[in-house]
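Student: The sequence and its predicted three-dimensional model are supplied below.
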Amino acid sequence: MAGGKKVKFSYSDTINVREGEELDKKTLLHYIRENLPNVPNGQLEIEQFGAGHSNLTYLLRVKSWEAVLRRPPLGPVAPKSHDMEREFRILTSLNPFYQTAPKAYHYSEDNTIVGSRFFIMERRKGIVIDTEFPNGVIYDNLLGQKISELMVDKLVELHQIDYTKTELLNISKPTGFMKRQVDGWIKRYELSKTDNIHGVDQLTKWMQENIPISPNPAIIHYDYKLNNAMFSEDFSEMVGLFDWEMTTVGDPLADLGVALAYWTQPDDPEQLKKGIGKPSVTTIGGFFSREQFLETYARKSGRDVSSIHFYLTFAYFKLAVICQQIYYRYYKGQTNDPRFAQLNQYTAILIHYALNSTKGM
């Protein structure tokens, strides 16, 4: 599939359900038949989307009918995080204006069905790319450029939506957004702290003293990265964008900073490229560099991005705190997922790069 030319290939975006994360099929099947239309008679098959480290996401299938269920992770979770009702409301409101967001079908507060609150949404089909391309995709630089351009275009498109016409108007507070974000994520770090990491105090002080004046607010995804996107088989369009739990109305440059923090490139240090696994495909030659991503966004959005070093610094710190919160759950024995055992080391790496980025891209 050089440059996105369509060929036949085998690809699956799901895995068998991980041990300890199973759902009660009988209870769930009865519930979805009672609450969702057009569910046929037949056995319920459940698979899991295995890429995420936060919310648990499952594929539900009854014959030809398919849907996706999302619920919080197992064990205690941080206050105000993993809010299933809020994410459901976001998708319900946003889909008519931004159809890359899947349709939301149903929200449930009944903890007896899957052990927590949950919602069910549309199943989108396509290709999700993370650390490698599926078999049958022949990579070339043209394909890397095409995917990079799509990522920028869909971010710009999201930021252009009039948020006052959506439900986000009622569940967001754009005024004072960046100060609340900086103070809030510092507090989250302190509440989940396990190790003494050199430079944290210097970093948090710098962020509090250098908050820029934000541009006009926009709808921000706030977890915008390649493996949250789904592409058509010929890579001509983005057919899905997922993980909307952090979405709000706020500073669009904060969203851009998060996207850049995730967007690793070939000349990055190995520790940053590998993170907690294999390097992203964006480290292959042909994908945009962070500088090219930034310049393309600036040109297409018309926004001034001269203060991006602050937003990139904050994005590295925010990602470090997310990793630390997950590691804290592992450290406290609230989860035994082996993927989380070394996350404290990655937290320290991200703190280091946050400090580095205070000096500019």
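Tutor: Here it is on my side, so go on. Residues are numbered from 1 along each chain as shown.

Student: hey, let's count contacts and neighbours off CA atoms from now on
Tutor: OK.

Student: shaky segments in the chain?
Tutor: 1-11, 51-53, 75-82, 361 (pLDDT under 70).

Student: longest single helix anywhere in it?
Tutor: As assigned by DSSP state H, the longest helix anywhere in the chain is helix 308-331.

Student: Restrict that one to CA atoms and write it as CSV.
Tutor: What follows is helix 308-331 as a C-alpha-only set of coordinates in CSV (Å, rounded to 0.1, in the frame of the first residue of the first chain):
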residue,chain,number,x,y,z
ILE,A,308,4.6,27.0,21.9
HIS,A,309,7.6,26.2,24.1
PHE,A,310,5.4,26.9,27.2
TYR,A,311,2.7,24.6,25.9
LEU,A,312,5.1,21.8,25.0
THR,A,313,6.7,22.1,28.4
PHE,A,314,3.3,21.8,30.1
ALA,A,315,2.3,18.9,27.8
TYR,A,316,5.3,16.9,28.8
PHE,A,317,4.5,17.6,32.4
LYS,A,318,0.8,16.7,32.0
LEU,A,319,1.8,13.4,30.3
ALA,A,320,4.3,12.7,33.1
VAL,A,321,1.5,13.2,35.7
ILE,A,322,-0.8,10.8,33.7
CYS,A,323,1.9,8.2,33.8
GLN,A,324,2.5,8.8,37.5
GLN,A,325,-1.2,8.5,38.3
ILE,A,326,-1.3,5.1,36.5
TYR,A,327,1.9,4.0,38.2
TYR,A,328,0.5,5.1,41.6
ARG,A,329,-2.4,2.6,41.1
TYR,A,330,0.2,-0.1,40.4
TYR,A,331,2.4,1.0,43.3
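
Student: Start at 40, not 1
Tutor: Sure, I'll start counting at 40 from here, so that last one is helix 347-370.

Student: Show me how far it is from its chain's centre.
Tutor: Computed by Cα atoms, centre = their mean, to the nearest Å, the chain-centroid distance of helix 347-370 equals 13 Å.

Student: Could you name the helices and strands sitting against that helix?
Tutor: helix 216-231, helix 291-301, helix 382-396 (3 or more Cα pairs under 8 Å, 6 or more residues apart in numbering; DSSP states H and E).

Student: Let me know which of those is tucked in deepest.
Tutor: Highest mean neighbour count of the helices and strands packed on helix 347-370: helix 291-301, a mean of 24 (counted as mean count of other Cα atoms under 10 Å).

Student: just the angle between that helix and helix 216-231, please?
Tutor: Counting by axes from the mean of the first three to the mean of the last three Cα atoms, to 10 degrees, helix 291-301 lies at 50 degrees to helix 216-231.

Student: on contacts alone, who are the packing partners of the helix or strand just after helix 291-301?
Tutor: Downstream of helix 291-301, the next assigned helix or strand under DSSP states H and E is helix 309-313. For helix 309-313, the packing partners by 3+ Cα pairs under 8 Å, 6+ apart come out as helix 382-396.

Student: quick one, domains of this structure?
Tutor: Listed by automatic domain parsing, the domain ranges of the chain are 41-160, 180-396.

Student: residue closest to the middle of this structure?
Tutor: D262 (3.7 Å; Cα atoms, centre = their mean).

Student: Give me the secondary structure label for the residue of the chain most remote from its centre.
Tutor: For the chain, the largest distance from the centre (Cα atoms, centre = their mean) belongs to N80, which lies 34.1 Å off. In three-state terms, and counting by DSSP: H, G, I helix; E, B strand; the rest coil, N80 is coil.

Student: picking that back up, pull out the buried positions in the longest helix of the chain.
Tutor: By 16 or more other Cα atoms under 10 Å, the buried positions in helix 347-370 come out as 347-370.

Student: now that helix and helix 382-396, what's the angle there?
Tutor: Going by the same axes, to 10 degrees, helix 347-370 makes 170 degrees with helix 382-396.

Student: I'd say the residue farthest from the centre of the chain and V101 touch.
Tutor: Yes - using Cα atoms under 8 Å as the test, N80 is close enough to V101 to be in contact (7.4 Å).

Student: mind listing the helices for the stretch 140-289 of the chain?
Tutor: For the stretch 140-289 of the chain, the helices defined by DSSP state H, counting those that start in this stretch cover 150-153, 180-198, 207-210, 216-231, 239-248.

Student: for these, which one sits closest to P318?
Tutor: helix 180-198 (15.0 Å; Cα to Cα).

Student: how far away is Y263 from L358?
Tutor: When distance is defined by Cα to Cα, to the nearest Å, Y263 is 12 Å away from L358.

Student: Correction: the previous question concerned Y392.
Tutor: Y392 is 11 Å from L358, by Cα to Cα.

Student: Report the secondary structure state of E73.
Tutor: Going by three-state DSSP: E73 is helix.

Student: and the residue nearest to the centre of the chain, backbone torsions?
Tutor: Reported as degrees, to the nearest 10, the phi and psi values for D262 are phi -150, psi 40.

Student: mind listing what the residue farthest from the centre of the chain touches?
Tutor: N80 makes contact with V101 under the criterion Cα atoms under 8 Å, 6 or more residues apart in numbering.

Student: Over to R110?
Tutor: Contact analysis of R110 by Cα under 8 Å, 6+ apart lists N94, L95, T96, H121, M123, S155, R156, F157, F158.
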